[in-house]
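Student: sequence first, predicted coordinates after that:
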Amino acid sequence: AARFISGLGIGASSMICPIYIAELAPAKSRGRLGALFQLGIVVGIFLTLFINAMIQGAGDETWNAAHGWRWMLGAEVAPAALLLGFLFFVPESPRWLIQAGQEDKARTILEGVAGPEQAREEIAAVKSVLGQEEGRFSELFQSRFRTPLIVAVALMAISQFCGINAIMYYSTKIFTTAGVGVKDAFMSSVIVGLVNVLFTFVAIAFVDRAGRRALLLIGLAVQVFALAAVGGMFQADVKGVLLLAGILIFISAFSMALGPISWILCSEIFPTKVRGRAMSIATFTIWTSCYIVAQTFPMLNDNPSIGPAKTFFVYAACSLAGFLFVLAKVPETKGRSL
């Protein structure tokens, strides 16, 4: 029950944060600020590796089975409390304030972020859109929103079916399967986490320069080759540094493109009154896809007739499908008004 309740909190915050950032940020830096959301996630994953290792090292296997896991889950209280405290100093979304009839408050916030002139333009644009849209959930399924909804759902699904969280959740198991010792497998997981963090900074640096679409195409192309190479190495029983390098190249490509840009694009491609509802569908898609990947990876990996080689080939095929989808359907949103 506790895990279910915490899941509700994570689900809500992962939907609201990208929307909030997009609605507060100036268009010229919206991508960089949106990528900070992903940076927060990957830094958290990286720190968790060390926190859990410290807790695990505090006792033997019996102690960990009885108490260690409780400390691991209990440690989540600290960042959650810190975030809750910071939220008291966070302004409301100016677009929501305009929608709620509190234009003066919205103007004050927008002027502080973007200056008086851009604030006036933004308020006029939002009011114009609000006058046109009714904002019902059923509107999302009308023909004019069908393409952005398909883009949002497809990007979120592909971002999981490429296997990123199979690696993040089961990295130790993957490297153990590849013949790496347990201690080295933990260090490999640390390296995976570090690369994940570092290449998210690439997205922050280039998402508002190169654009969302270009980064997605580059990242997905690299993912296809890296995942196919990892599958080939498992098939050929290649172990050690080469296998780790293939996985790190995939992590690098994901962290600079599909990881952060999926959230950014989904928060950009819908108008104000349906953005929250659309983002709830996108968030439901990503966490459902994540659950499917987390549940199926052990079954695929441990199945003698499938094994890790074919599993990574499947992830490569999903990345290829993502590349073709972005090429055909995903628009460029760099510098565009919400």
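Tutor: Sure thing, it's come through. Everything numeric in this text was worked out from a predicted model, so none of it was measured.
Student: which residue ranges form the helices in the stretch 51-200 of the chain?
Tutor: Taking DSSP state H, counting those that start in this stretch to define them, one finds helices in the stretch 51-200 of the chain at 61-63, 69-74, 77-87, 94-99, 103-114, 116-132, 143-161, 164-177, 182-206.
Student: quick one: contacts of the helix or strand bottoming out on mean pLDDT in the chain?
Tutor: Using mean pLDDT, DSSP states H and E, helix 116-132 stands out as the lowest-scoring helix or strand of the chain, at a mean of 79. Here helix 116-132 makes contact (Cβ atoms under 8 Å, 6 or more residues apart in numbering) with 26, 94-95, 98-99, 103, 106-107, 110-111, 114, 271-273, 337-338. In short, each C-beta sits where N, CA and C put it, glycine included.
Student: switch the cut-off to 7 Å
Tutor: 26, 95, 98-99, 103, 106-107, 110-111, 271-273, 337 (Cβ atoms under 7 Å, 6 or more residues apart in numbering).
Student: closest one of those residues to Ala226?
Tutor: Pro26 (34.5 Å; Cβ to Cβ).
Student: and the gap between the closest residue to that closest one other than its chain neighbours and Ile269?
Tutor: Once flanking residues are discounted, Pro26 sits nearest to Ala114: 4.5 Å by Cβ to Cβ, 6 or more residues apart in numbering. Using Cβ to Cβ, to the nearest Å, one gets 21 Å for the distance from Ala114 to Ile269.
Student: so between these two, which is more surrounded?
Tutor: Between Ala114 and Ile269, Ile269 has the larger neighbour count (other Cβ atoms under 10 Å), namely 24 against 20.
Student: dump the residue contacts of that one.
Tutor: Pro148, Val151, Ala152, Thr333.
Student: and these as TSV, adding distance to Asp60 and neighbour count?
Tutor: Putting those into TSV (distance: Cβ to Cβ, whole Å; neighbours: other Cβ atoms under 10 Å) gives the following:
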residue	distance to Asp60	neighbour count
Pro148	53	21
Val151	50	21
Ala152	47	26
Thr333	53	21
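Student: now the two most distant members of those residues.
Tutor: It's Ala152 and Thr333 that sit farthest apart of the contacts of Ile269, by Cβ to Cβ, at 12.1 Å.
Student: returning to that earlier point: drop anything exposed from the contacts of helix 116-132.
Tutor: Buried members of the contacts of helix 116-132, counted by 16 or more other Cβ atoms under 10 Å: Arg95, Ile98, Gln99, Ala106, Arg107, Leu110, Glu111, Pro271, Thr272, Lys273.
Student: leaving out chain neighbours, which residue sits closest to the fifth one?
Tutor: Ranked by Cβ to Cβ, 6+ apart and with sequence neighbours excluded, the top spatial neighbour of Arg107 is Ala119, at 5.6 Å.
Student: check the gap between that neighbour and Ala27 for me.
Tutor: Counting by Cβ to Cβ, the separation of Ala119 from Ala27 is 13 Å.
Student: so how far is Val153 from the residue nearest the centre of the chain?
Tutor: By Cα atoms, centre = their mean, the chain has its centre lying nearest to Gly259, at 4.5 Å. Note on Gly259: its distance to Val153, by Cβ to Cβ, is 17 Å.
Student: for Ser138, same thing?
Tutor: According to Cβ to Cβ, Ser138 and Val153 sit 17 Å apart.
Student: helix, strand, or coil at Arg209?
Tutor: coil (DSSP: H, G, I helix; E, B strand; the rest coil).
Student: and it, how many neighbours?
Tutor: Arg209 - counted by other Cβ under 10 Å - has 11 other residues nearby.
Student: look at it and report its pLDDT.
Tutor: We have a pLDDT of 89 for Arg209.
Student: ditto for the one 5 residues further on
Tutor: Ala214 carries a pLDDT score of 93 in this model.
Student: report the secondary structure state of it.
Tutor: helix.
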